[in-house]
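Undergrad: Sequence plus the predicted model coming up.
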Amino acid sequence: MSDVIPEKRIDLDRICNQTFQETALEVLSQLFNDFSPEELEACVASAYGTNFDDDAITPVRQLGSDYLLELFHGPTSAFKDVALQILPHLMNCSRESADDKILVLTATSGDTGKAALEGFADVDNIGICVFYPYQKVSDVQELQMVCQKGSNVGVCAVRGTFDDAQTGVKRIFTDQAQIDAFARQGISLSSANSINIGRLVPQITYYLDAYAQLVRMGAIEKGDAVDFCVPTGNFGDVLAGFYAKLMGLPVGKLIVASNANNVLTDFISTGTYDRLRDFTKTISPSMDILVSSNLERLLYHLSDGDCAYVASLMADLAEKGSYTVSGELLARIQTIFSCGFASNAETSAAIRSTFESTGVLIDQHTAVGKHVLDRIPSEGRVRVLLSTASPYKFPADCLAALGSNPEGMSGFEAMDELEGIAGTTAPVQLSSLRTAEHLHTDVCTIEGMPAFVESVAEKVFR
């Protein structure tokens, strides 16, 4: 964690007159001051260019009486691209010497894996190892990962949930014997998950840039507060909004939208975080998470950096499966955050009603947020819904939500039909997967994850 975030204030006048790239550079310069200006300028220029299919990078558009922040215009059609297109460049700059080797370990609930693979593929002296929950991501998400090319990549399905895969990765990071063994080979371990602060900081940019776009559109006056509704499972995406608020962005409420795995809804409502509940496989798989790693960071900030208290909560979570925060801390949380959740049926209904009323097709994760946003009374502020992925990553479920029957269709047949109904075109990086070669077929248990990591290190750094 960094204690300097609340001390770094943005200049709202300047932010409102900058491009996305200029704002990204300002955010990174404020919070990553151990990089030179030249290094950060090169990282931003490499990360945000023609690899995004919209010049705005993360454009804002009207959605009925609210607004939609489109975060899916990058090379893997998901919001993770905003951070994972720049993280490899930051990592390369941070290596102490050209001979340093970095092995990136990542657990994914669907989108992070491909975004990390795309960003790190064939980067010199960096290997990337991705674990995803077996049969618990969409067909397109799985294809994006198993068809990934690159001499430095490894992909493996884990028999279990995302939480199991994430736990396995965290165990490797704390296995001193394995860390020492890698160190003797000159290999350091890192992560592309949002447990890596280098993943979170770049995401602050799109909150600031969205605000600037609203000012330029005339939707708000400079200084007006804005609410953001964020579909989230691991709490990283909405935590970036909290950081933007700490840095001076006029944020009213941050609305946390969950699917049926609504552990965050219960926590924000009651102050009790309880992971001992049934796991539900939903049609919004990237949010099928019961242990939200980034919540620990929020607790640190709102408890005024009380490390002993936060550590005790995390110990309770590990040992007892739950913890309850103090009434004072809960009141602080509820001042900033509100929440809600959507069932599968409600998610599908939101896709259909949004398309029928606005002509905009949204994916299931965005639809979770839309359902929640529509049920929380407006407090008179402009509201922005974060749209986190392209609907073409989940064509069968989107098709079903619109009233068609995708039974018996392949994912690409569903994609084709969805194009016809929506009158839009699937991103080429998704449609081209139908002819891509399957390169990764490994499946392991949680216990087998360390051995797979060792095999990837041997392949990449031999």
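TA: Alright, I've got the coordinates.
Undergrad: Kindly state the domain boundaries assigned to the chain.
TA: Using automatic domain parsing, the domain parsing of the chain gives 60-77+200-390, 81-193+439-461, 395-426.
Undergrad: so which of the ones you listed gets nearest Arg9?
TA: Nearest to Arg9, of all those, is domain 60-77+200-390, at 4.6 Å by Cβ to Cβ. The way it works is simple: take the backbone N, C-alpha and C, and place the C-beta from them, glycine included.
Undergrad: What is the distance between the closest one and the centre of its chain?
TA: From the chain centre to the centre of domain 60-77+200-390 is a distance of 11 Å (Cα atoms, centre = their mean, to the nearest Å).
Undergrad: pLDDT averaged over that domain - what is it?
TA: Mean pLDDT, domain 60-77+200-390: 96.
Undergrad: picking up where we left off before, can you redo the domains of the chain as a markdown table, where the extra columns are mean neighbour count?
TA: What follows is those, written out as a markdown table (neighbours: other Cβ atoms under 10 Å):
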| stretch | mean neighbour count |
| --- | --- |
| domain 60-77+200-390 | 20 |
| domain 81-193+439-461 | 20 |
| domain 395-426 | 17 |
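Undergrad: How far does stretch 53-66 stretch from one end to the other?
TA: The first residue of stretch 53-66 is 23 Å away from its last residue (Cα to Cα, to the nearest Å).
Undergrad: what's in contact with that stretch?
TA: 20-21, 48, 67-71, 73, 82, 206, 209-210, 213-214, 217, 354, 357-358, 360, 373, 378, 382-385, 427 (Cβ atoms under 8 Å, 6 or more residues apart in numbering).
Undergrad: my guess is Leu385 contacts Leu373, does it?
TA: Yes: between Leu385 and Leu373 there is a contact under Cβ atoms under 8 Å: 5.6 Å.
Undergrad: who touches both of these two?
TA: Residues touching both Leu385 and Leu373 (Cβ under 8 Å, 6+ apart): Asp66, Cys229.
Undergrad: Show me the helices in the stretch 201-350 of the chain, by range?
TA: 204-217, 236-246, 263-270, 295-302, 307-320, 327-336, 344-358 (DSSP state H, counting those that start in this stretch).
Undergrad: Between those, which one is closest to Lys149.
TA: helix 236-246 (27.1 Å).
Undergrad: Can you check what angle separates that closest one from helix 295-302?
TA: Interaxial angle, helix 236-246 versus helix 295-302 (axes from the mean of the first three to the mean of the last three Cα atoms, to 10 degrees): 20 degrees.
Undergrad: Can you tell me which helices and strands helix 236-246 packs against?
TA: helix 197-200, helix 204-217, strand 226-231, strand 251-258, helix 295-302 (3 or more Cβ pairs under 8 Å, 6 or more residues apart in numbering; DSSP states H and E).
Undergrad: try 6 Å this time
TA: helix 204-217, strand 226-231, strand 251-258 (3 or more Cβ pairs under 6 Å, 6 or more residues apart in numbering; DSSP states H and E).
Undergrad: want to try CSV for the ones you listed, with distance to Lys114 as columns?
TA: As requested, the helices and strands packed on helix 236-246 are exported to CSV (distance: least, Cβ to Cβ, whole Å):
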stretch, distance to Lys114
helix 204-217, 19
strand 226-231, 18
strand 251-258, 22
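Undergrad: tell me the pLDDT at Thr106?
TA: If you check Thr106, the pLDDT there is 93.
Undergrad: Please tell me I have it right and it contacts Ala116.
TA: Yes: using Cβ atoms under 6 Å, Thr106 is in contact with Ala116, at 4.9 Å.
Undergrad: any common contacting residues for these two?
TA: Ala192 (Cβ atoms under 6 Å, 6 or more residues apart in numbering).
Undergrad: ok, Thr272 to Leu329 distance?
TA: Distance of Thr272 to Leu329, computed by Cβ to Cβ, to the nearest Å: 12 Å.
Undergrad: To clarify, my last question referred to Asn261.
TA: On the measure of Cβ to Cβ, Asn261 and Leu329 end up 23 Å apart.
Undergrad: related to what we said a few turns ago, mind checking the helices of the stretch 201-350 of the chain for the one nearest to Ile102?
TA: Ile102 lies closest to helix 236-246 among the helices of the stretch 201-350 of the chain, at 20.7 Å (Cβ to Cβ).
Undergrad: pLDDT at the residue most central in space within the chain, what is it?
TA: The chain has Lys80 as the residue nearest its centroid, 4.8 Å off, counting by Cα atoms, centre = their mean. Lys80 is assigned 93 on the pLDDT scale.
Undergrad: any idea which helix or strand carries the nearest residue to it once chain neighbours are set aside?
TA: Once flanking residues are discounted, Lys80 sits nearest to Ala115: 3.6 Å by Cβ to Cβ, 6 or more residues apart in numbering. Per DSSP states H and E: Ala115 is located in helix 111-120.
Undergrad: and the angle from that helix to helix 236-246?
TA: For helix 111-120 against helix 236-246, the angle by the same axes, to 10 degrees is 80 degrees.
Undergrad: Mind listing the strands the following helix or strand past helix 111-120 pairs with, and their directions?
TA: Remark: after helix 111-120, the chain's next helix or strand is strand 126-133, criterion DSSP H and E. Here strand 126-133 is paired, per DSSP bridges, with strand 101-107 (parallel), strand 153-158 (parallel).
Undergrad: What's the separation between the residue of the chain positioned farthest from its centre and Ala457?
TA: Relative to the centre of the chain, the most outlying C-alpha is that of Arg184, 32.9 Å out, by Cα atoms, centre = their mean. Distance check for Arg184 against Ala457: by Cβ to Cβ, it reads 12 Å.
Undergrad: and if you look at Asp288?
TA: For Asp288, the distance to Ala457 - Cβ to Cβ - is 29 Å.
Undergrad: Asp54 now?
TA: Plainly put, Asp54 is 37 Å away from Ala457 if you go by Cβ to Cβ.
Undergrad: ranges for the helices of the stretch 1-150 of the chain?
TA: Counting by DSSP H, counting those that start in this stretch, the helices of the stretch 1-150 of the chain are 12-15, 20-31, 37-47, 81-84, 87-94, 111-120, 139-146.
Undergrad: Could you do the stretch 351-462 of the chain as well?
TA: 364-375, 395-401, 411-422, 428-431, 449-461.
Undergrad: Same list, those, but as CSV with distance to Lys136 please.
TA: Converted to CSV, those look like this (distance: least, Cβ to Cβ, whole Å):
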stretch, distance to Lys136
helix 364-375, 14
helix 395-401, 14
helix 411-422, 16
helix 428-431, 19
helix 449-461, 16
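Undergrad: Help me confirm that Ile446 comes into contact with Thr167.
TA: No: taking Cβ under 6 Å as the definition, Ile446 is not a contact partner of Thr167, at 7.1 Å.
Undergrad: Just after whichever strand or helix holds Ala177, pick out the following helix or strand.
TA: For Ala177, the element it lies in under DSSP H and E is helix 176-184. Beyond helix 176-184 on the C-terminal side, the first helix or strand identified by DSSP H and E is strand 187-191.
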